[in-house]
Each structure stands twice: as C-alpha cells, then as structure tokens.
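Novice: Structure for the following, please:
(one chain, ligands or ions: 1)
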Amino acid sequence: MPAVQWFPGHMNSARRAFAKALAAVDVVIEVTDARLPGASGNPMIEELRRFRNRPCLKLLNKADLADPEATREWMAYYNAQPDVLAVAVSAKSSSDVGRIPALARQLAPHRSGAEKPLRMILAGIPNVGKSTLMNALLKRRVAKVGDEPAVTKSQQTLDLGPGMTLTDTPGLMWPKIEHDADGFMLAASHAIGRNAVIDEEVAVNLGTILLARYPALIEARYRIEAAGQDGEGLLEHIARRRGCIRKGGGLDLEKAANVFLTDYRTGALGRISLETPESRQRMLAATAMFSPL
Ligand code: G4P
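Specialist: The predicted model follows:
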C-alpha cells in the first residue's frame, strides 16, 4: 500500500455530486498544478466527463512556478487527446484568466446567447488554485482562498457574464492514491492535508527528485555539490546550514524539511516541475512491472 494515503469520507458524495452536475454542463474546466499535471489530475473527473462526453479545458495552473519546458511538453501531450484543450495559466494573472471564457467557448460553439448559455463546471483536487481562479473570473471574492486543502466545500452556480455560467465543485481528490510517487509529489505541493503525511519523508523524496532534475538550482540555493548527494544528505545539509538544531543538540530534520518544502512551494528555488509526460510514463511502467498480478 502506498505510504501516503488520503481517503476523506466525503469523496463518494463528491463523486455523486460531480456526476449529477455534469449532466447539466457543457464544458469541464479541470484545474491541475502545472508542476505535476499528471499527479494532480483527477482520474475520477476524467472518467466521469468521458462517460458523459463532455469536452475538457485543462488548465495547467501555477504555470508561473513551473518549468516552462516541462509545461510545453505537457500541453503537447494533452492537446493530442480528443476533446481536450490544454493551456498553461496563472490564476494570479488577470490576462491569463481573461482568456479562459473564450477558450471554453471554443469547446462548445453550439452554446451561445441567453437561451443556451455556455455552462461550465470547475473541478480539480484541493489547492490547485480553483478558488483563486473563481475569484479572478468573477472579479470578486466568492470563496476563501487559502493554502489549506479543501477550502471550497459547497457547490454553487454563478453567472460569469452574458450567456455563461460557472458551477463550482467541492475540492475533489480521488479516493485512493495509487502510486507512492504521486502521494509524495502531492504532499510536497500541499494538495494533501498537513496531518496526513510526514514532512521529513516528503522532503527527502522531493530532494531526490530535485537533485536529479534540477541539480543547479539546488546547488545555487543551498551551496552544496549535488553530484553523489541523496535526499537524506541534502536535508541534513540544509539543517546544518540553516541552524536547524534540536534543544539537546542533533539536527532538527523536521524544521529543515519545513525550510526546504517552503522554498519549493513559494518558488524560491526557481521554476520547477516535478514530472514530465515522459517521467510519468516511466514511473507508471516501472510500477506496473513490480505490481503483483
Ligand atoms: P483551491 O481552491 O484549489 O483549493 O486552491 P486556492 O485557490 O485556495 O489556492 C491555493 C494556493 O495556491 C493559494 O496560496 C493561492 O494563492 C495559490 N495559487 C493559486 N493559483 C496560483 C497561481 O497561478 N500561481 C501561484 N504562484 N500561486 C497560485 P496561499 O498559500 O494561500 O497564498 P497566497 O498567495 O494566497 O498568499
């Protein structure tokens, strides 16, 4: 069983609510985190929208924090899929947000005017930026924005302008995280509640990924030789460098983990993507190889 598990009881009701809402919408706007679009996508959203034949505007949000090259690869990957239009956005950029209604229209050109408004639903796992986006789309605060997962709880439909409505869904997380790698990436990116995971383990895992993918960024930030280093060694180095020492002496690795995770989450390390379509394929193939039949 994966080390990181999260199974909130409201998932089944969220699934039912989403399936029901889908019947009355034309376009699904799925928000993912551009730094980990595969891991932060929700298979349940994908499954239900395909079942209902609803096109998807896939927003790779927080693109301002992600590696532009990896984001290009992800967009090409998604845009090759039928009924999917993928774009990289930052919900904090009003010009990016301003493009969204027209893009959604492209996916359902038959819906126009007051008689047949374009009906959209906004969906995605917690903390990918749905509330921020909703607020920006509505240009007024309708939801509490915060870096704690699952702030948006109830469902609401709002007029987005002439001939357009937007339904908000509760933060959707899939019932079971199937791969450890996804659990760690999601925890590092704060899509999983703080109580559900151990920061130290998440930080070691993040360190392993970043040492392999972005050694120069790690070297620049923490003044360490990346070659030959591993996630644990990096965390110990950060603890020493940042004076994370326990009262009785010894390294405070939990504190160091916090420093490291905050650096990643705030973009202080630079623009980073934790996965590419290729690395995800490799991870899935390796998992399949080692899974019991
Ligand atoms: P949710 O509804 O999907 O759960 O996500 P929410 O909008 O609450 O956003 C979660 C965090 O992600 C917030 O950070 C929000 O500001 C940040 N965020 C959302 N979209 C973007 C984006 O495009 N780029 C960046 N860099 N951040 C984004 P927070 O910790 O509450 O901080 P603050 O920025 O609100 O102070």
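Novice: pretty sure Ile121 contacts Leu166?
Specialist: Yes: with contact defined as C-beta atoms under 8 Å, Ile121 reaches Leu166; the gap is 7.5 Å. In short, each C-beta sits where N, CA and C put it, glycine included.
Novice: what's the overlap in contacts for the two?
Specialist: Residues touching both Ile121 and Leu166 by C-beta atoms under 8 Å, 6 or more residues apart in numbering: Ile29.
Novice: buried set for stretch 243-255?
Specialist: 244, 251-253, 255 (16 or more other C-beta atoms under 10 Å).
Novice: Next: stretch 121-139.
Specialist: 121-138.
Novice: near the ligand, from these?
Specialist: 124, 126-132 (C-beta under 6 Å from any ligand atom).
Novice: Near Arg213, how many other residues are there?
Specialist: 17 (other C-beta atoms under 10 Å).
Novice: quick revisit: between the buried residues of stretch 243-255, which is closest to the ligand?
Specialist: Using C-beta to the nearest ligand atom, Lys255 comes nearest to the ligand of the buried residues of stretch 243-255, at 19.5 Å.
Novice: Spit out the contact partners of Ile245.
Specialist: Ile245 touches 239, 251-252, counting by C-beta under 8 Å, 6+ apart.
Novice: Quick check: which ranges of the stretch 151-293 of the chain have low pLDDT?
Specialist: 151-155, 170-176, 193-197, 290-293 (pLDDT under 70).
Novice: from memory Leu79 sits against Leu85, does it?
Specialist: To be clear, residue 79 is Asn; Leu isn't right here. Yes: shown here, Asn79 and Leu85 form a contact pair, counting by C-beta under 8 Å, at 6.9 Å.
Novice: Hmm, Phe260 is touching Ile209, no?
Specialist: No: Phe260 is beyond contact range of Ile209, at 11.8 Å (criterion: C-beta under 8 Å).
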